[in-house]
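> The following block contains a protein sequence and its predicted model.
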Amino acid sequence: MSHSLESVFRPASIAVIGASRTPGTVGYMIVDNLLRHGYSGAIWPVNPRATAVHGVPAYDSVESIPAAVDMAVVAVPKQLVADVAEQCGRKGVKALVVITAGFKEVGGAGRAREEKLLEIARQYGMRVVGPNCLGVINASQGVSMNATFAPSMPPPGPVAFMSQSGAMGITILDYAAEFGIGIRHFVSVGNKADVSGNDLVEYWEADPDVGVILFYLESFGNPRKFTSIARRVTRKKPIIVVKSGRTPAGARAASSHTGSLAGLDIATDALLAQCGVIRVDRVEQLFDLAMAFSHLPLPKDDTVAIITNAGGPGIIITDACEAAGLRVVELSAETQSRLRRDLPEEASVRNPVDMIATASAENYRLALEAVLADANIGAAIAAFVPPLGVRQLDVALSIVRAREAVPGKPILAVLMGREGLPQGRAELAEAGIPGYIFPESAAQALAAMNRQRRWLERPAGHVRHFDVDGATAARALRQAGENGYLSGDAVRALLSACGIPVLATRVARTADEAVAAGRAVGWPVAAKVLSPDIVHKTEVGGVRLDLRDDEDVSRAFEEITRSTAAAEPGARIDGVLIEQYVRGGREVIIGMSQDPSFGSILMFGLGGIYVEALKDVAFRIQPVSDIDAQEMIDSIRGVRLLRGMRGEKPSDFACLIETIQRVSQLVGEHPEIREMDINPFVVFEKGGVAVDARVRVHRD
């Protein structure tokens, strides 16, 4: 489908339907932008009440234009859009950019108008950008098309940008123009009736002149398709996203641990992490990263040297780098000796290198050349606070000369002070060196480049398929109660059918039966209330552990039935489950929750009582590869416990990875599963076992 977007980005002719002679109107600004910025193709204004717009002959309809039209920019009242689209279809127009608002975003009649527009477009094979959008820019040499009503035109460069918000699009273009960030393509997609972010990523994947892809997103249209596309594209060029919606209001209410923790924003984070997409919180960060990715090579590792003429910025950058996962390492003895020779006597030559306030522009050049030549250093950040007598411009030129003398490693600059960046920004930009006002911006940009390097070095991963007892699993899932939950027996049958170990159990309905069950299972045992109405058993006193004899289990039966009846008077009690009790190991949770847009979201973290207390969990979207599963485990804070502390043996990571992948396969093969918690899953030095679990399915 991507080739069809050529008519959007490289049209040989453009009709502006709704062109206006009134300054300040959308129809006026679109024609003005096309003319003022030197669009290379033919421009055809359409206005039945004008003979010319901006001195260009106007026509009463698109069909009266005496030549072929590749693309039409539509800026007419909403009630006229369908008729205009029909005319464009008959004319043979290949693409529509519908600026007009009043469609799906307003609901009701607007939704019907959008469906009609899309129906007409599909009938004639036209691609549609919008409706309710800002327009499209192709700043490439030889095209120079600004088919928007934005006041700014960014300089040409390697960045492709998609914005879901027209208002944010204007801000983005202003920012790009101010900071000299080169934009090749800009698209405001509006309602995404037809052309989507997925279409654009595929188109930009094949464009050799696009080096960085930026997104401002408010919602995903087809996140599952995005996953498969982005996994591939991020191996070739970085994708950086600002995704709005980090508020708790997006979380869904759910009874499971996984469902209550896996809100929409967490699902977005999980999806982007699996695709190698870099997510940032603010538009400024988006451009901070774009400045770095547009020109710099990726660092060879996570090490960085910091050069400064003031201690404060050096400390700030050091802290920011360390917090972002970069290492401010010791410089080699040879490098330190070289720095002592070239810098003032009072300078600190370790790392960060503080050259003190009297450092000259030449000192910057010498210091940067020294640290960049150090084999232990992968990148450098040069920070300058302007003292009396030293100009920012001279420092910028020295940084450029150091880059020329020792190429191949990324250099980022921080030029601070009231004057900000203007004095030296152009020289830095021309040399491909990003310049920042704040130290943290440089550290975050370099850290993002390091994440991209790690992603490129990361193995693709393998989604393993296991032989399972599908018939038994399906039979267990059909045993759900009216509330959708499986009984304990059905859950154990389901997990066993999928190759997930479970404990030996017996159900007791009297104290005597509990004693007999304990003897059959083998001491020690655990006792847990059986009730379809009680979600968290420990909260109602429904669990007793490490029961070692007849007396223990008999007393536990009486206590459990009494305390649960008191805590939940209306709950149905089906007895007490007596199960094998395991000692040692580490408790983790492996869970899943279904999201209508993202599909199955898997969760891993510390289990038992810690899951909601600490919320030390990680998420991924199904299907989960072995590398995804490994990253889930490694990303929680409690991974140190699993690796073994103070002489303890490490947990069986291979068992955890396999179990996560078995759950991934289970929920992929059975989409009727809505929520699942295996909590706790106890992992040992060798192997592991599901101690407790809950499963809820969708009932038709």
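Perfect, I can see it now. Being a predicted model, the structure only gives us computed values, none of them experimental. Numbers count the residues shown, from 1 in each chain.

> any idea how far the residue nearest to I589 when sequence neighbours are not counted is from E587?
For I589, ignoring the flanking residues on the chain, the nearest one in space by CB to CB, 6 or more residues apart in numbering is G607 at 3.7 Å. Every residue, glycine included, has its C-beta placed from N, CA and C. Counting by CB to CB, to the nearest Å, the gap from G607 to E587 is 4 Å.

> who has more neighbours, those two?
G607 (26 against 19; other CB atoms under 10 Å).

> Could you pull up the residues touching the more buried one?
Neighbouring residues of G607 by CB atoms under 8 Å, 6 or more residues apart in numbering: E587, V588, I589, N679, P680, F681.

> 6 Å instead?
E587, V588, I589, N679, P680 (CB atoms under 6 Å, 6 or more residues apart in numbering).

> Show me the chain divided up by domain.
With domains defined by automatic domain parsing, the chain comprises 2-218, 296-457, 504-581, 586-697.

> now for these, which one comes closest to I266?
Closest to I266 of the domains of the chain, according to CB to CB: domain 586-697, at 5.3 Å.

> Quick check: end-to-end length of the closest one?
End-to-end span of domain 586-697 (CA to CA, to the nearest Å): 28 Å.

> Now do stretch 314-334: distance to the chain's middle.
26 Å (CA atoms, centre = their mean, to the nearest Å).

> picking up where we left off before, next, format the domains of the chain as a markdown table and append distance to D489.
Below are the domains of the chain laid out as a markdown table (distance: least, CB to CB, whole Å):
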| stretch | distance to D489 |
| --- | --- |
| domain 2-218 | 44 |
| domain 296-457 | 44 |
| domain 504-581 | 8 |
| domain 586-697 | 12 |
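
> export those to JSON lines and tack on distance to G470 and mean pLDDT?
Supplementary listing: these in JSON lines, determined by distance: least, CB to CB, whole Å; pLDDT from 0 to 100:
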{"stretch": "domain 2-218", "distance to G470": "32", "mean pLDDT": "94"}
{"stretch": "domain 296-457", "distance to G470": "35", "mean pLDDT": "92"}
{"stretch": "domain 504-581", "distance to G470": "23", "mean pLDDT": "92"}
{"stretch": "domain 586-697", "distance to G470": "7", "mean pLDDT": "92"}
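
> Any idea which of those gets closest to V283?
That would be domain 2-218 among those, by CB to CB, at 6.5 Å.

> List the buried residues of stretch 40-50.
G41, A42, I43, W44, P45, V46, N47 (16 or more other CB atoms under 10 Å).

> still on that earlier bit, name the member of the contacts of G607 with the most neighbours.
Most surrounded of the contacts of G607: other CB under 10 Å gives V588, at 29 neighbours.

> re earlier: who touches both of G607 and E587?
Joint contacts of G607 and E587 (CB under 6 Å, 6+ apart) are P680.

> what about the strands in the stretch 551-700 of the chain?
575-580, 586-595, 599-606, 617-621, 673-683, 688-690, 693-697 (DSSP state E, counting those that start in this stretch).

> who does the first one touch, helix- and strand-wise?
If I follow you right, that is strand 575-580. If contacts are counted by 3 or more CB pairs under 6 Å, 6 or more residues apart in numbering; DSSP states H and E, strand 575-580 sits against strand 505-508, helix 511-521, strand 525-530.

> Please name every helix or strand in contact with the first one.
Just to be clear, that refers to strand 505-508. Packed next to strand 505-508, using 3+ CB pairs under 6 Å, 6+ apart, are helix 511-521, strand 575-580.

> Would you mind saying which of those lies nearest A497?
So among the helices and strands packed on strand 505-508, strand 575-580 is nearest, using CB to CB, at 18.3 Å.

> Okay, strands next: where are they in the stretch 101-250 of the chain?
127-129, 135-138, 145-148, 159-163, 183-188, 212-217, 239-243.

> nope, the stretch 351-500 of the chain is what I was after
Going by DSSP E, counting those that start in this stretch, the stretch 351-500 of the chain shows strands at 353-354, 380-384, 411-415, 435-436.

> can you dump the C-alpha coordinates of the second one into CSV?
So the one you mean is strand 380-384. Provided in CSV are the C-alpha atoms of strand 380-384 (Å, rounded to 0.1, in the frame of the first residue of the first chain):
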residue,chain,number,x,y,z
ALA,A,380,31.3,13.0,25.0
ILE,A,381,29.2,15.9,26.3
ALA,A,382,30.7,19.4,26.3
ALA,A,383,29.0,21.9,28.6
PHE,A,384,29.9,25.6,28.6
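
> distance between it and the chain's centre?
Using CA atoms, centre = their mean, the offset of strand 380-384 from its chain centre is 29 Å.

> Over to the first one?
Mean-position distance between strand 353-354 and its chain equals 36 Å (CA atoms, centre = their mean).

> Let's have the strands of the stretch 351-500 of the chain in a markdown table, adding distance to A82.
As requested, the strands of the stretch 351-500 of the chain are exported to a markdown table (distance: least, CB to CB, whole Å):
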| stretch | distance to A82 |
| --- | --- |
| strand 353-354 | 66 |
| strand 380-384 | 55 |
| strand 411-415 | 51 |
| strand 435-436 | 48 |
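
> Return the most buried member of those strands.
For the strands of the stretch 351-500 of the chain, average neighbour numbers computed from mean count of other CB atoms under 10 Å are highest in strand 380-384, which has a mean of 29.

> strand partners of that one, parallel vs antiparallel please.
Paired with strand 380-384 in the same sheet, following DSSP bridges, are strand 305-308 (parallel), strand 411-415 (parallel).

> Out of these, the one nearest D616 is which?
Using CB to CB, the nearest of the strands paired with strand 380-384 to D616 is strand 305-308, at 31.8 Å.

> Downstream of the closest one, the next helix or strand is which one?
Per DSSP states H and E, the first helix or strand lying C-terminal to strand 305-308 is helix 311-323.

> Buried ones in the helix or strand just after that following helix, by neighbour count?
Where DSSP H and E defines the elements, the next helix or strand beyond helix 311-323 is helix 333-342. For helix 333-342, a neighbour-count test (16+ other CB under 10 Å) marks T335, Q336, R338, L339, D342 as buried.

> got it, and stretch 492-509?
For stretch 492-509, burial by neighbour count (16+ other CB under 10 Å) applies to 492-498, 500, 502-503, 505-508.

> now, which of the residues you listed lie within helices?
Under the assignment DSSP state H, the buried residues of stretch 492-509 contribute R492, A493, L494, L495, S496, A497 to helices.

> Which one of the buried residues of stretch 40-50 is nearest to V8?
For these, the nearest to V8 is G41 (12.8 Å; CB to CB).

> which residues touch that closest one?
A12, S13.

> again with V349
Q336, L339, R340.

> what's the closest of the strands of the stretch 351-500 of the chain to K78?
Among the strands of the stretch 351-500 of the chain, if distance is taken as CB to CB, the winner is strand 435-436, at 43.2 Å.

> Which elements pack onto the closest one?
strand 411-415.
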